[in-house]
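Undergrad: sharing a model that was predicted from the sequence below.
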Amino acid sequence: CMQAAQLLKELQLVQSTSEAMRRIKGKAAFVLRGSEKQVIEDRSQPIAIEASMIVRAGKKDWCRIEFTDQS
């Protein structure tokens, strides 16, 4: 799990924590897991990271999580 604002920043969907908080407050940040949509409502909300989930922070900023084997 990772805090929502930190996740948006780590995925480079936002430039700063302040921008992450603005998008969260504006209901523009959410997580898609298959057909399930989870709106991020708080900067410290824990987000469980799973393969193939999509994280969005606005209309154009999104990222699909994929894991690779680095052996």
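TA: That came through, no problem.

Undergrad: quick one: the residue nearest the centre of the chain and Trp62, what's the gap?
TA: In the chain, the C-alpha nearest the mean C-alpha coordinate belongs to Val55, at 3.9 Å (CA atoms, centre = their mean). Plainly put, Val55 is 7 Å away from Trp62 if you go by CB to CB, to the nearest Å. (Each C-beta comes from the backbone N, C-alpha and C, glycine too.)

Undergrad: check Val14 too.
TA: Val14 is 12 Å from Trp62, by CB to CB.

Undergrad: so which of those two has more stuff around it?
TA: Neighbour tally, Val14 and Trp62, criterion other CB atoms under 10 Å: the higher count belongs to Val14, 22 against 14.

Undergrad: what's the first-to-last distance across stretch 10-22?
TA: Terminal residues of stretch 10-22 lie 16 Å apart, using CA to CA, to the nearest Å.

Undergrad: need the strands for the protein, in chain order.
TA: Assigned by DSSP state E, the strands in the chain fall at 2-3, 29-33, 36-39, 46-47, 54-57, 62-64.

Undergrad: in the third one, what counts as buried?
TA: Spelled out, it's strand 36-39. Neighbour-count burial for strand 36-39, counted by 16 or more other CB atoms under 10 Å, picks out Gln38.

Undergrad: again with the longest one
TA: Neighbour-count burial for strand 29-33 flags Ala29, Phe30, Val31 (criterion: 16+ other CB under 10 Å).

Undergrad: got the contact list for that strand?
TA: Contacts with strand 29-33, where a contact means CB atoms under 8 Å, 6 or more residues apart in numbering, come from 4, 8, 20, 23, 37-40, 47, 50, 52-58.

Undergrad: what do you get for stretch 41-48?
TA: When contacts are defined by CB under 8 Å, 6+ apart, stretch 41-48 is touched by residues 1-5, 7, 17, 20-21, 24, 27, 31, 40, 55.

Undergrad: which of the residues you listed fall within helices?
TA: Taking DSSP state H, the ones among these that sit in helices are Ala4, Ala5, Leu7, Thr17, Ala20, Met21, Ile24.

Undergrad: look through the protein and report the residue furthest from the middle.
TA: Outermost residue of the chain with respect to the C-alpha centroid, by CA atoms, centre = their mean, is Ser71; its distance is 26.8 Å.
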